[in-house]
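In: Output the structure for:
(2 chains)
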Amino acid sequence: MKKGIVSKMYPLSKLIIALLLGITSIVVHQWQFGYFVVLPVMFMLALVDGKFKSYSKKVLSAMIIFFLFIFLVQAFFTPSSNIIWEWKFLKLSVEGLDKALNLTSTISVFLTTLLLVFETTNITDLMVSLQKTGMPNSAAYVFLASLQMIPEMSKRSKVIMQAQRARGIETEGNMWVRTKAFFPTLSPLIISSITDIGDKAATLEARAFSSSNPNSFYRDLSARRIDKILPWLILLACVLYMVWVFVPGIGGM
Amino acid sequence: MKKYFGTMTLILIPIAIAVNFIGGQLASILKLPMYLDMIGTILVAAVAGPVPAMVAGGVTNLILGLSSPTWIPYAIVQIACGAVAGYAAQKGAFKSFKWTALTSIGIWAAALLTAVPITTILFGGIAGGGGGSVITAFFLTTGQGLWESVASSALITETVDKFLSTFIVFFLVRSLPVSTLVKFPLGKMYVKDSE
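Out: Numbering: from 1, shown residues only, chains lettered A, B, ... in the order given. Sure thing, here's the model as predicted:
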């Protein structure tokens, strides 16, 4: 499969750019930045990369209900005298609306950029690029082994649950019954996984896991020139934007 | 680094992270009004001390953040609870029922002190649109302020959750085979106790 332009980028560069945009949105505190700049650009990048469908599904499912609640709480319950619209105990105020827009805009910047990074990056590649900048390999192990462990143990927990049901443990009924079903499912899973650790440790040690020699990498991954320049360009743009917002006389507030 | 992370501890951490996930998953399959997503973190705290527990807790939320980035700030909650549980465990808290109960109060307080400000300041009172947020919205309609509403809502969802999680670990440590237990940094503590 051919890789899109975002997928081809060096993982670490992508992550840095995402964080730069996030920090900028916190600093400038203008909701237009999130909604009119970052959001459309991220969707466009996803489209260009050919990941539009899965990406937009993830973003929308993360945002819709969450933002609805934030708007409800902020817009209607921020105490203020500037009331635009009123119905029983609900009072929509200008300040509240403004606060809600700012808050959701900042969250949406982090949400859309980080989701795009994770959507277009192989997590193993991200770990390799972090290791190359000096992250200890045990940290990469923890992260990657967890990603592998979760589906594996989740499958096992379902088997255990079925087995316990077959023995007559009730998993439906009132809350007390359901709470009691929690322990016989989880504890065999935990205990069996932990007893396996000894074997796993031996396996890893046999492959020089604790060795302090420099690592070699199976994955070949290197930053192109644009991957090195782009984060700096974005940083420059962000700084210029901040200057434009905060220095009166140029753009200013 | 080496002092805190033996190979055994390093392998335990991913398992604990998976346990955190599955605890949360099971709680929602069984429709329990709790998260139960900290059992792994507390377990690491009990057998390996604070630093590994903080790592396990923090990475749990980073991984949750891969699919929904709003979880990432709550890593602080896991880290704080891991630290409290770990220090208590180093002092031998998980050896007795009474001290485990006190530890669970400490964990509960750490969770409230970190989760409430995150929800209120970062997300304007809404924690991901889940059940807790409905409760928060309910308190708001009764005329309480935002901080009070978030705190009341957290009080309801966190209290039973943290006590239950801590005591699950208390019993789990007792059910682990001695041969495995002694390989962990704090494991010997529990072996002497059982004899």
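
In: Can you name the residues in contact with stretch B:59-78?
Out: A:58, A:62, A:66, A:107, A:110-111, A:114-115, A:118, A:123, A:142-143, A:146-147, A:150, B:13, B:17, B:20-21, B:37-38, B:40-41, B:54, B:56-58, B:110-111, B:114-115, B:118, B:122-123, B:128 (CB atoms under 8 Å, 6 or more residues apart in numbering or on different chains). Quick note: C-beta positions are derived from backbone N, CA and C, even for glycine.

In: ok, of the residues you listed, which come out buried?
Out: Those of the contacts of stretch B:59-78 that meet the buried threshold are A:58, A:62, A:66, A:107, A:110-111, A:114-115, A:118, A:142-143, A:146-147, A:150, B:13, B:17, B:20-21, B:37-38, B:40-41, B:54, B:56-58, B:110-111, B:114-115, B:118, B:122-123, B:128, by 16 or more other CB atoms under 10 Å in any protein chain shown.

In: Sitting in helices, which of these do you find?
Out: Secondary structure assignment by DSSP state H places A:58, A:62, A:66, A:107, A:110-111, A:114-115, A:118, A:142-143, A:146-147, A:150, B:13, B:17, B:20-21, B:40-41, B:54, B:56-58, B:110-111, B:114-115, B:123 of the buried ones among the contacts of stretch B:59-78 in helices.

In: burial count for residue B:24?
Out: By the criterion of other CB atoms under 10 Å in any protein chain shown, residue B:24 has 18 neighbours.

In: scratch that, residue B:162
Out: Counted with other CB under 10 Å, the neighbours of residue B:162 add up to 27.

In: thought it was touching residue B:101?
Out: No: with contact defined as CB atoms under 8 Å, residue B:162 does not reach residue B:101; the gap is 11.2 Å.

In: From what I see, residue A:170 and residue A:181 are in contact.
Out: Yes: using CB under 8 Å, residue A:170 is in contact with residue A:181, at 6.3 Å.

In: and these two? which has more neighbours close in?
Out: Neighbours per residue, other CB under 10 Å: of residue A:170 and residue A:181, the larger number sits with residue A:181, 22 against 12.

In: and the gap between that one and residue A:212?
Out: Separation of residue A:181 from residue A:212 (CB to CB, to the nearest Å) stands at 47 Å.

In: Okay, now the unreliable bits of the stretch 51-200 of chain A?
Out: A:79-82, A:87-90 (pLDDT under 70).

In: the helices in it, which residues?
Out: For the stretch 51-200 of chain A, applying DSSP state H, counting those that start in this stretch gives helices covering A:52-77, A:94-120, A:123-132, A:137-166, A:175-195, A:197-205.

In: Residue B:101 - that's part of a strand, no?
Out: No: counting by DSSP: H, G, I helix; E, B strand; the rest coil, residue B:101 falls outside a strand, being helix.

In: Identify the residues contacting it.
Out: Taking CB under 8 Å, 6+ apart as the contact definition, residue B:101 lies against B:163, B:166.

In: what's the answer for the one 10 residues further on, then?
Out: If you count contacts by CB under 8 Å, 6+ apart, residue B:111 has them with B:38, B:77, B:80, B:81, B:154, B:158, B:162.

In: Repeat the analysis, applying 10 Å as the threshold.
Out: Residues in contact with residue B:111 (CB atoms under 10 Å, 6 or more residues apart in numbering or on different chains) are B:35, B:38, B:74, B:77-78, B:80-81, B:84, B:154, B:157-159, B:161-162, B:165.

In: now residue A:145
Out: A:200, A:204, B:10, B:11, B:13, B:14, B:15, B:17, B:18.

In: same deal with residue A:228?
Out: Per CB under 10 Å, 6+ apart, neighbours of residue A:228: A:10, A:13.

In: Report the mean confidence score over the helix or strand where it lies.
Out: Element membership of residue A:228 [criterion: DSSP states H and E] is helix A:225-246. What helix A:225-246 shows for mean pLDDT is 92.

In: now do stretch B:156-165
Out: 88.

In: any residue of it up close to chain A?
Out: Yes: against chain A, stretch B:156-165 shows contacts by CB under 10 Å from any CB of the partner chain at B:160, B:164.

In: Return the set of buried residues in that stretch.
Out: B:156, B:157, B:158, B:159, B:161, B:162, B:163, B:164, B:165.

In: same question, stretch A:201-210
Out: A:201, A:204, A:209.
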